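> Please work out how this folds:
(chains A and B)
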Amino acid sequence: MEYANLKFAGLPLLAWIPLLPLLGAFINLTIGRWFSRGTVHTVAIAAVAASCGLSLYLVFGPLWTAFKAGNGGVGIYQQVYTWIEVGGLKVDLAFRLDTLSAVMILIITFVGTLIHIYSTGYMAHDPRFGAFFGYLNLFTGAMLILVLGSNMLVMFIGWEGVGLCSFLLIGFWYEREDYATAGRKAFVVNRIGDFCFLLGMFLLFWAAKTLDFRELSMANSATVGPVLVERFWGGERLAAAAGIFLFIGACGKSAQLPLFVWLPDAMAGPTPVSALIHAATMVTAGVYMVCRLSFLYSASTTALIVVSTVGLLTALAAAFMAFAQTDLKKVLAYSTVSQLGFMFVAAGTGNWTAAIFHVGTHAFFKACLFLGAGSVMHGMEHGGSQTPGDIRTMGGLRKHMPITRATFMVSCLAIAGIFPFSGFFSKDEILAGAFLVHPPGWPIWYGKILWFGLLIAALGTAFYMWRLYFLVFSGEERSEEAKHAHESPPSMWAPLVILATLATIAGFIGMPHLEGIHLPSWSHGLASWLAPSTAPTWYGPEGGGAIMGHGSDGTILGLMAVALAIGVIGIGGAWMLYGKGPSRSVDKLVEGPLAGAYEASKHKLWFDEIYEASIVKPFRTIATGLFEIVDRWLIDTVAVNGTAYVIGIFGRISRWFQNGQVQRYLAGLVVGAALVFFLASRKAEPTFSYEVDGDELVLKADAGAGLLTKTSKLKWDLNGDGKADQDASGAFYTEPEIRVRIGDVGARVILMLEDPVTRENKQVSRTIELPGAY
Amino acid sequence: MQGQFILPLILGLPLLGAILVMCTPRAEASLHKGMGLGVTIITFLVSLLVLRYFNPREAGMQLVFDVEWIPGLGAHFKTGIDGISIFLVLLTTLIVPLTLLGTQKSIEKHSREFIAAILVLETGMLGAFVALDVFLFYVCWEVMLIPMYLLIGIWGGQRRLYASIKFVIYTMVGSLLMLVAIFYLYVQAGNVTGVYTTELDKLSQVALPQSAQFWCFAAFALAFAIKVPLFPLHTWLPDAHVEAPTAGSVILASVLLKFGIYGFLRFAMPLFPHGAAIWAPVIAILAVVGIIYGAFVAFAQDDVKKLVAYSSVSHMGFCALGIFALTAYGISGSIYAMLSHGLTTGGLFLGIGFLYERRHTRRLAEYGGIWKQMPIFAGLYLIIVMGSAGLPALSGFVGEFLTIMGTFNAGDTFPANFPNYLPYPRLLGALAATGVIFGAIYLLYMFQKVFFGKLDKSRNGHLKDLSGRELAVFIPLCLGIFLLGVFPRPFLRVMEPSVQKFMSDYRIRVQEPDGPAHKYGAMTPVEPMNPGAADAAPAAPTGGAQ
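Predicted coordinates for the structure are as follows:
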């Protein structure tokens, strides 16, 4: 192998990237309880930082070389061992670092390191620090497995692993029942998605007999065979079925409609967790997966329409729900859901670069926002607040927390899409992509609808984010606690500054191509970097074509201007209503014309209530019903114990006879004997049967009960004249079964019986009906 | 080949131990427990010798030990193992000492008889796993029953009599019908071959007419389905589990249930391939129903033991589905799922036992916030729960994944004369996969109720975390769960040749034409009804999607 020398301690270097955090987790979760705080911090941060360093080395060393040589899509492939092998299924525990996964591991390890550092300050007073950092490391390791896995099953290890960590960290303060329930809810909703992920995976394996991403993408090429465009579900392609199932999996993980409900509740976890897992990394796993499987999605227009439509609806719905939230972290949570919707629209329009671009910029500014929120809550807690996340009690914090305020403002500008902050470029890429897209089979106007919908969502984003900003930092303090809030320690604000810097400048690697103005090549760096790892064209038997249309300079600049204007309008609106704390007009609007919308937003469109009534309650009822009715009653009482009862009745009857009383035995004897005699004397009437066999007739005597004993005699009268007949030799027919020629038989046959003991005679006569010619 | 002595040795050791224990004075409780532990550990160590002599590349029976037992009947004392049974034997020898170690404190009365019962039970279980003679198998099958009956009936809980009698009668009904079928087969095989024998490999060379196979398989299947337990024959299980002492529950769940699946694989399917093919849709559908039904009902429980008992119904459904999918994935996955279920469910019951020893209740409502008091226990228990819920890289996932994968791909390889072997294989696979969701629901529900929340019941306030002895039980289990999840390939490779042999044998036999009883291959094969079917089937998969 080309990369055989990239090893450390016998294991491939790529394996060490997830392994280092996993080792950190192992140490902190087993013996961490006897460590000091400092040791735990050192172990945890060292593990992630080492992983980050290794990632940087691998990406900018070997992978860079490979990229320059045109092998960025193949990247570095390293196998650890074969995990499962049965029959034709062979799954290697193998990792692939290509240009796509490279972007992800850099984000994960870098943001992860910052958040680990930040957590040392944030969790400084929590007694279970060993467990916390253990889980955080475990999460980082699982997330790295997810993005580095070279086949779907390895990805699934990480996919479920991050779900487990999410469960543990959301329910970290498990003593609060609602927090624990939130963790469980996250896991279960994710599991619904994972179920569909599994189905998609099974479907792909069934069709293509491989789970390796690279081999699957080869199956899309003409050389291996167009498995993915095979017809399935009527006229649809297999890629549509598999793609939609997998996308439902992504909906679970990335909190899209209709499975987004766990993410707002997930804010129960400590804030660094919200930043790392529920904003920067884990929730983007779905977007990553869709981009990873870009070859699959580009083989089905239907799947793409589903992805982009769900993305758009989510972006709009979540933006709407964010308006009326009063909890700092909840607003951020809905904004995350909404931004993830943007990413899915990008992925659903085949604009993979834009999706990953937004994953990256979002990781920076959203992590910064969450950590800033954590800093604010930390400050509020120190001010004595019992509900540190309630934005109604804040205001004026700019005076007390200048650094937090500055970084928060930068991030708010970025998320609102203001030039030149990073969010402007990435969001603009998505919007322009949606505007220009015209995949074969799409209605021509569909891209425009997506574009317009996203514009509205972007307007909402700018508005509610700046509402948040104004409510927290501007105006006067609305509570005593806010007056006593203070800036957080350097371990907390240093990561904020770094993230804010990145949120400012990261956008310049993804600038659009313009014809008139020649931009340096690094300004399109991301697009050319990702190109080898993603599907460039549509796939179809009729041939391929570019997914993305290309606009003229005027269009592109015009779209940018519109997007920028929308951002400014949103911020302006927020300033008018909330610029100096909540204004009177807000109350008027909320109580007046917008009352219904406000309620709907506050109750997140009643999703939880609807699910409670339509799924959770029925599930409980069915479970209890099945147990009480089917299991306890139908099977156990009726079928099982019923059988036993019936048998028991017989047992009781026979027991009645056997109670040891001689009288009863005697009575039984007498009754039994009488019964025997009665049965014996109940003689059945004698008769005989006949049967045609060719031209012969077989006569068979059935003597009935009793009369035809061994000694009784029997004769046959064949012509019905009352006298016994003789055969050719002159002897009487005396056998019980005789065979005679049909011609010898008359219309009536009489069987004559005579008992020599009782001298009783009996005659049985029957009319013989012969079939057919006779 | 060497090593034939091992299997009789591991059968004899526990039995010998039981006899020795019964010879000691009855009051010496710690002596009994020590002896029991010693004997079972020695048995486990001896059973590890199997690995030394077993050749993983060979498909057939190995370490065969064969002596004539009852010449008049043609019964042999014949034992051997292959890739299908080897790990089940090791699972048994591992679980029993762990169980004894974990339940040291909970046996308060008749410790001598208790240990003896467990040891006899171990002999019976091992015998049934290694028996290559139908008569020997039947004897061991019944030998298992009696100690289990005593365990529940004497050392059980409140309704122990009801539960134990229910257990015995349920099992007896099935096994007596199986006995009838064995007799029928014995006579028929004797008529065909001229030699009356109960040896499995000789009996399985005889092809009964399809109608006879239909009934014989039904009789066997009833016995095994009760053991699995398949829906709707499962209602003895919750009662038995709830009333049994911890040791009984653990062994019942970890090992005894496996005989249902194992019986199908070793006896029912090879002996009556046509019968199996006719009944396959019924069993597969019942298995899927069981997966979903068991999960639903588990969720409705308040009693932790009952919850885990119903989870067994759900999990064993995967195993049953896997073997009837008739693919290498399915069968290997089914065996693997049995191993994993043995470890995880054993662990779940042991953990409940630990809690019960401390709190003397199994009601979920009585717990809450235990994590705070017993963090080590909670962490280890979480690993077991997640192993059971099928988290990848833990043991449960591999088995679940492979069985569903096997069902999903079942349509490609149906026997040509049974084109509708499984109806809608992909739909069945998808339905079975919902177990992934439901498993998470009830297991996490239980976990939350016990470990999360406020520590608000005063009696929970001074629970001690696991002792060294209990850790010695839990840590090997958790390591095993990790081992099975992270390194499944060595295990699967040992199974593979035997599984492939099982499938090719089955496939050859099931394609035999119907006719009077004869030896397989003795009748000239009749042309298949639609000749192209065998070739066409893999190329154009049909089934679920249409």
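> Can you give me the distance of the residue most central in space within chain A to chain B?
The centroid of chain A falls nearest to residue A:193 when counting by Cα atoms, centre = their mean (1.1 Å). Separation of residue A:193 from chain B (Cβ to the nearest Cβ, to the nearest Å): 9 Å. To be clear about C-beta, it is placed using only N, CA and C from the backbone, and glycine gets the same treatment.
> and that residue, what helix or strand is that in?
Assigned by DSSP states H and E, residue A:193 belongs to helix A:177-208.
> what is the rounded mean pLDDT of that helix?
If you average the pLDDT over helix A:177-208, you get 90.
> buried sites along that helix?
Residues A:177, A:179-208 are the ones in helix A:177-208 that count as buried (16 or more other Cβ atoms under 10 Å in any protein chain shown).
> from the chain's centre, how far out does that helix sit?
Relative to its parent chain, helix A:177-208 has a centroid offset of 3 Å by Cα atoms, centre = their mean, to the nearest Å.
> Quick one: residues contacting residue 502.
Just going to use chain A. Residue A:502 is in contact with A:364, A:422, counting by Cβ atoms under 8 Å, 6 or more residues apart in numbering or on different chains.
> oops, I was thinking of chain B
With Cβ under 8 Å, 6+ apart, residue B:502 has these contacts: B:84, B:265, B:269, B:270, B:331.
> Most neighbours among the residues you listed, which one?
residue B:331 (32 neighbours; other Cβ atoms under 10 Å in any protein chain shown).
> how far is stretch B:387-403 from where the chain is centred?
Here stretch B:387-403 shows a centroid-to-chain-centroid distance of 16 Å under the convention Cα atoms, centre = their mean.
> all strands in the stretch 1-150 of chain B, in order from the N-terminus.
For the stretch 1-150 of chain B, the strands defined by DSSP state E, counting those that start in this stretch occupy B:62-70, B:75-81.
> ignore the last one, the stretch 1-150 of chain A
With strands called from DSSP E, counting those that start in this stretch, the stretch 1-150 of chain A shows them at A:7-8, A:11-12, A:76-86, A:89-97.
> isn't the residue nearest to the centre of chain A right up against residue A:251?
Yes - using Cβ atoms under 8 Å, residue A:193 is in contact with residue A:251, at 5.8 Å.
> Find the residues that touch each one of those two.
residue A:259.
> Run through the residues of the stretch 101-250 of chain B sitting next to chain A.
B:166, B:169, B:170, B:232, B:235, B:236 (Cβ under 8 Å from any Cβ of the partner chain).
> mind running it again at 10 Å?
Counting by Cβ under 10 Å from any Cβ of the partner chain, the residues of the stretch 101-250 of chain B close to chain A are B:162, B:165-166, B:169-170, B:173, B:231-236, B:238-239.
> Report how many residues lie close to residue B:158.
Using other Cβ under 10 Å, residue B:158 has 9 neighbouring residues.
> ditto for the one 4 residues further on
The local packing of residue B:162 (other Cβ under 10 Å) involves 15 other residues.
> so what's it up against?
A:641, B:152, B:153, B:156, B:239, B:243 (Cβ atoms under 10 Å, 6 or more residues apart in numbering or on different chains).
> Check the separation of the first and last residues in stretch B:55-62.
Length of stretch B:55-62, first residue to last, Cα to Cα, to the nearest Å: 8 Å.
> Can you get me a residue count around residue 301?
Defaulting to chain A. Counted with other Cβ under 10 Å, residues neighbouring residue A:301 total 20.
> Wait, chain B was what I had in mind.
Using other Cβ under 10 Å, residue B:301 has 25 other residues around it.
> List the backbone torsions phi and psi for it.
Dihedral pair for residue B:301: phi -90, psi 150, per degrees, to the nearest 10.
> State the pLDDT value of residue 127.
Picking chain A for this. pLDDT, read off for residue A:127, is 86.
> my bad, chain B
We have a pLDDT of 93 for residue B:127.
> where does the closest residue in space to it that isn't next to it in sequence land on pLDDT?
Residue nearest to residue B:127 in three dimensions, not counting chain neighbours: residue B:140, with 3.4 Å by Cβ to Cβ, 6 or more residues apart in numbering or on different chains. If you check residue B:140, the pLDDT there is 92.
> again, but for the one 3 residues further on
Listed pLDDT for residue B:143 reads 89.
> Might one say that it is in contact with residue B:149?
No - with contact defined as Cβ atoms under 10 Å, residue B:143 does not reach residue B:149; the gap is 11.2 Å.
> I'd guessed residue B:369 sits against residue B:452; true?
Yes - Residue B:369 lies in contact with residue B:452 (Cβ under 10 Å); the separation is 6.9 Å.
> and whichever residue of the stretch 1-150 of chain B sits closest to chain A, how many neighbours?
The stretch 1-150 of chain B approaches chain A most closely through residue B:83 (11.9 Å), counting by Cβ to the nearest Cβ. By the criterion of other Cβ under 10 Å, residue B:83 has 27 neighbours.
> what do you get for residue B:473?
27.
> didn't it look like it was pressed against residue B:466?
Yes - between residue B:473 and residue B:466 there is a contact under Cβ under 10 Å: 8.7 Å.
> per-residue confidence for the residue nearest to residue A:161 when sequence neighbours are not counted?
Nearest residue to residue A:161 in three dimensions, chain neighbours excluded: residue A:142, at 3.0 Å (Cβ to Cβ, 6+ apart). What the model reports as pLDDT for residue A:142 is 94.
> Residue A:142 reaches residue A:159, doesn't it?
Yes - if you go by Cβ under 10 Å, residue A:142 and residue A:159 touch, sitting 8.3 Å apart.
> quick one: common contacting residues for the two?
Listed as contacting both residue A:142 and residue A:159 by Cβ under 10 Å, 6+ apart are A:282, B:392.
> Contacts only, for the closest residue to chain A within the stretch 301-450 of chain B.
In the stretch 301-450 of chain B, the residue that lies nearest chain A is residue B:328 (3.2 Å; Cβ to the nearest Cβ). Applying Cβ under 10 Å, 6+ apart, we find residue B:328 in contact with A:86-89, B:402, B:406, B:409, B:413, B:492, B:495-496, B:499-500, B:502-503.
> anything in stretch B:475-489 near chain A?
Yes - residues of stretch B:475-489 are located near chain A by Cβ under 10 Å from any Cβ, namely B:485, B:486, B:487, B:488, B:489.
> Buried residues, that stretch. List them.
Within stretch B:475-489, the residues scored as buried using 16+ other Cβ under 10 Å are B:476, B:477, B:478, B:480, B:481, B:483, B:484, B:485, B:486, B:487, B:488, B:489.
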